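*Asks:* I need the structure of the sequence given here:
(one chain, ligands or ions: 2)
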Amino acid sequence: MKPCPFIAVEGAIGAGKTTLATMLSDRFDIPLLKEIVEENPFLDKFYQNIEEWSFQLEMFFLCNRYKQLEDTGLQYVSRHQPVISDYHIYKNLIFAQRTLKGVKLDKYRQIYHLLTEDLPKPNIVIYIRASLETLQKRIEMRGRDFETAIDPAYLQQLIEDYETAFAELAEREPETTIITVNGDEMDFVEHPEHFEHIVRQVKELL
Ligand SMILES: Nc1ncnc2c1ncn2[C@@H]1O[C@H](COP(=O)(O)OP(=O)(O)OP(=O)(O)O)[C@@H](O)[C@H]1O
Ligand SMILES: Nc1nc(=O)c2ncn([C@H]3C[C@H](O)[C@@H](CO)O3)c2[nH]1
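*Replies:* Ligands and ions are numbered 1, 2, ... in the order given. Next up, the predicted model:
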């Protein structure tokens, strides 16, 4: 018997995670676990001054996701019920390794490993890989005020960090199925056939 699906959609900022996760949740009738962005008190300040606010922001994301995934474990995974989320907890480490340095990064890493070691892990990860140009276009189209301050160099670094992190994940967790979506070419919003292609890939795993 195939394991009960816990699907996570990942990719750098604006790649289309929430959009794709929502579409898949509707199509497969699987509950959606969505990141709450609007109530984050640090994001605005963070984009104005990354060095000053990074530790608070990374800890805030970590604690929120910890709570959400702890609940998910109890509500879905341990009851063998499928679930889909628009993030993987691993993104915390990807971002923190870019935004934190020295002692703070060391402390963060310890807390991250302590908190995440017994959290439920997705067994299917959809990784949307997209270029700087595509991400900038989508971030602009979405029009969140605080994201106008995102430095293109930061975004480009994140794209590269995601590439490295996903190569490491594939090696470390061969039991996790990673579906890579080319976000520059696959426009699952405008082209239904692109969405159907992803649906078929997921269906084979269910
Ligand atoms: N494949 C796509 N084609 C065209 N537009 C898209 C596509 N995917 C997402 N969009 C649009 O791009 C914007 C960003 O998408 P979305 O919010 O899903 O990204 P995200 O990866 O969840 O972002 P974040 O990293 O901030 O959580 C939205 O306006 C969305 O409608
Ligand atoms: N620094 C940092 N660490 C994270 O874990 C993290 N997760 C998401 N984000 C940013 C991207 C979008 O602007 C916005 C919504 O996803 O929040 C993060 N930023």
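
*Asks:* all helices of this protein, in order?
*Replies:* Using DSSP state H, the helices of the chain run over 17-28, 43-48, 50-75, 91-99, 102-116, 132-142, 152-172, 192-203.

*Asks:* just the residues contacting the fourth one, thanks.
*Replies:* Meaning helix 91-99. The contact list for helix 91-99 (Cβ atoms under 8 Å, 6 or more residues apart in numbering) reads 10, 50, 54, 57-58, 61-62, 65, 105, 108-109, 112, 116, 154, 157-158, 161-162, 165. From N, CA and C alone the C-beta is placed, and that goes for glycine too.

*Asks:* can I get that helix in CSV? Just the C-alpha atoms.
*Replies:* Output of helix 91-99 as CSV, limited to C-alpha atoms (Å, rounded to 0.1, in the frame of the first residue of the first chain):
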residue,chain,number,x,y,z
LYS,A,91,12.6,26.4,4.0
ASN,A,92,13.2,27.8,7.5
LEU,A,93,16.8,26.6,7.3
ILE,A,94,17.2,27.8,3.7
PHE,A,95,16.2,31.3,4.6
ALA,A,96,18.0,31.4,8.0
GLN,A,97,21.3,30.3,6.5
ARG,A,98,21.0,33.3,4.2
THR,A,99,19.8,35.9,6.7
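
*Asks:* so can I have JSON lines of the helices of the chain showing mean pLDDT?
*Replies:* Output for these, formatted as JSON lines (pLDDT from 0 to 100):
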{"stretch": "helix 17-28", "mean pLDDT": "97"}
{"stretch": "helix 43-48", "mean pLDDT": "94"}
{"stretch": "helix 50-75", "mean pLDDT": "93"}
{"stretch": "helix 91-99", "mean pLDDT": "97"}
{"stretch": "helix 102-116", "mean pLDDT": "97"}
{"stretch": "helix 132-142", "mean pLDDT": "95"}
{"stretch": "helix 152-172", "mean pLDDT": "97"}
{"stretch": "helix 192-203", "mean pLDDT": "96"}
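
*Asks:* can I get those in CSV with distance to ligand 2 and mean neighbour count?
*Replies:* As requested, these are exported to CSV (distance: least, Cβ to the nearest ligand atom, whole Å; neighbours: other Cβ atoms under 10 Å):
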stretch, distance to ligand 2, mean neighbour count
helix 17-28, 8, 18
helix 43-48, 6, 16
helix 50-75, 4, 17
helix 91-99, 3, 20
helix 102-116, 10, 14
helix 132-142, 8, 15
helix 152-172, 9, 15
helix 192-203, 21, 14
